[in-house]
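Asker: The following comprises the amino acid sequence and a computationally predicted model.
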Amino acid sequence: MSDTVPLVLGIISSTLDDPVEPLLGVLSKLAVNHKDKKINGAGEENDLEDKFVAVNKIQESVVHLLSAKQASLEILGNLFEDEDDEEWEDVSSTDSDELLDTGGMEIDEGVSANELGLAFPPEVQQIIVNGNICEKVAQQILYPSDEIIQILQSHSKTKDCLKRINTVRCTALLCLNNIIQKLKVNELGGTEKLWNLWLHLGTLLFKKT
């Protein structure tokens, strides 16, 4: 693996660290302000135009950041991608009760889910584990507040942002699946951290959005 990989992982980590929520908050406030003034006829034409330009500018920033996150997740997911799909057949044929019954399950923290593993150099593994890459990917699954969602849905100019957010979330889930299959349990933070992640994903799954 080339020396470029650590550099790429560093960029990916930085991109995933960059929060989109503050931009969404600003965008929603500007969108509401612009719509209210337009409906009520308040403000001069130049003022409305300035608000419109401000909305477009922030929206472009949101789109650029989401696009960067999307690309980062795709690259990261490809690093952990398993070209052998046979294991999925085994999973799909497993009784669901067996998957849910963890009472007698013993997890070997020194063994990865995929016995073949990945031939990552130690320095790359260190970046992935110590850089909390798995946690950063999981953060991309979070959804904005209900208030922001409602505002973005009610404005034609900002609906596209929600679609992009959903795309990023789906890609993050796929990426997280690939990572969990390839890394050892202790490299993912141990069984307790994995259990908390499972509960978190379950909460998101059943939450109405």
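Answerer: Perfect, I can see it now. Given the structure is predicted, the values throughout are model-derived calculations rather than measurements. Residues are numbered from 1 along each chain as shown.

Asker: Which residue is the nearest non-sequential neighbour of the spatially most central residue of the chain?
Answerer: Centrality entry for the chain: nearest residue to the mean C-alpha point is Gln140, 2.3 Å, by Cα atoms, centre = their mean. Among residues not flanking Gln140 along the chain, Ala172 sits closest, at 3.8 Å (Cβ to Cβ, 6 or more residues apart in numbering). All C-beta spots, glycine's among them, are computed from the backbone N, C-alpha and C.

Asker: Now the one you found: which helix or strand?
Answerer: Using DSSP states H and E, Ala172 maps to helix 159-182.

Asker: what does that helix contact?
Answerer: 20, 24, 27, 59, 62-63, 66-67, 69-70, 73-74, 76-77, 80-82, 112-114, 117-118, 133-134, 137-138, 140-141, 143-144, 149, 152-153, 188, 194, 201 (Cβ atoms under 8 Å, 6 or more residues apart in numbering).

Asker: Which of the residues in the lengthiest helix in the chain are classified as buried?
Answerer: Secondary structure of the chain read by DSSP state H shows that its longest helix is helix 45-79. For helix 45-79, the buried set under the neighbour-count rule, 16 or more other Cβ atoms under 10 Å, comprises 51, 54-55, 58-59, 62, 65-66, 68-70, 72-73, 76-77, 79.

Asker: just stretch 17-32 next, same as before
Answerer: Val20, Leu23, Leu24, Gly25, Leu27, Ser28, Leu30, Ala31.

Asker: Kindly report the same for stretch 153-164.
Answerer: His155, Lys157, Thr158, Cys161, Leu162, Arg164.

Asker: follow-up on the earlier one: nearest to Gln126 among the buried residues of helix 45-79?
Answerer: Leu79 (14.7 Å; Cβ to Cβ).

Asker: want to try JSON lines for the buried residues of stretch 17-32, with secondary structure, pLDDT and distance to Asn178 as columns?
Answerer: Shown next, in JSON lines, are these (DSSP: H, G, I helix; E, B strand; the rest coil; pLDDT from 0 to 100; distance: Cβ to Cβ, whole Å):
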{"residue": "Val20", "secondary structure": "coil", "pLDDT": "95", "distance to Asn178": "22"}
{"residue": "Leu23", "secondary structure": "helix", "pLDDT": "94", "distance to Asn178": "28"}
{"residue": "Leu24", "secondary structure": "helix", "pLDDT": "94", "distance to Asn178": "27"}
{"residue": "Gly25", "secondary structure": "helix", "pLDDT": "92", "distance to Asn178": "31"}
{"residue": "Leu27", "secondary structure": "helix", "pLDDT": "91", "distance to Asn178": "31"}
{"residue": "Ser28", "secondary structure": "helix", "pLDDT": "90", "distance to Asn178": "33"}
{"residue": "Leu30", "secondary structure": "helix", "pLDDT": "86", "distance to Asn178": "37"}
{"residue": "Ala31", "secondary structure": "helix", "pLDDT": "82", "distance to Asn178": "36"}
